[in-house]
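Novice: give me coordinates for this.
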Amino acid sequence: MYLTELKMHQENEKNAECYWSNKPNKFGRKPLVETLINGNIEVVEIVKEFEEN
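Specialist: Purely as a prediction, here's the structure:
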């Protein structure tokens, strides 16, 4: 592995550990809460749109 790939891999491992342990992220924000849903989902409001570059 190249040095930059190694650093990226280490950062990914750190982020994964934070995610799976359900700790606040590096910005101090609360962790995400995920919910599995079975059935139809209705979009009520679009809060933010993302554009592809």
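Novice: low-confidence ranges in this structure?
Specialist: 1, 53 (pLDDT under 70).
Novice: contacts for stretch 24-40, please.
Specialist: Under the criterion C-beta atoms under 8 Å, 6 or more residues apart in numbering, residues Asn15, Cys18, Tyr19, Asn22, Lys23 lie in contact with stretch 24-40. (Each C-beta comes from the backbone N, C-alpha and C, glycine too.)
Novice: leaving out sequence neighbours, find the closest residue to the third one.
Specialist: If I follow you right, that is Tyr19. Excluding the flanking residues, the one nearest Tyr19 by C-beta to C-beta, 6 or more residues apart in numbering is Pro31, at 7.2 Å.
Novice: cool, and the second one?
Specialist: Beyond its immediate neighbours in the sequence, the residue positioned closest to Cys18 (C-beta to C-beta, 6+ apart) is Asn25, lying 6.1 Å away.
Novice: I'd like to know how far the one you found sits from Gln10.
Specialist: 16 Å (C-beta to C-beta, to the nearest Å).
Novice: Glu17 in helix, strand or coil?
Specialist: Judged by DSSP: H, G, I helix; E, B strand; the rest coil, the three-state class of Glu17 is helix.
Novice: which stretches of this structure form helices?
Specialist: For the chain, helices defined by DSSP state H occupy the ranges 3-20.
Novice: re the thing from before, ok, of the contacts of stretch 24-40, which come out buried?
Specialist: The neighbour-count test (16 or more other C-beta atoms under 10 Å) marks none of the contacts of stretch 24-40 as buried.
Novice: farthest pair within these?
Specialist: Across the contacts of stretch 24-40, no pair lies farther apart than Asn15 and Asn22, at 12.9 Å, counting by C-beta to C-beta.
Novice: picking that back up, can you list the contacts of stretch 24-40 in a markdown table and add distance to Ile46?
Specialist: Formatted as a markdown table, these follow (distance: C-beta to C-beta, whole Å):
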| residue | distance to Ile46 |
| --- | --- |
| Asn15 | 27 |
| Cys18 | 28 |
| Tyr19 | 25 |
| Asn22 | 28 |
| Lys23 | 30 |
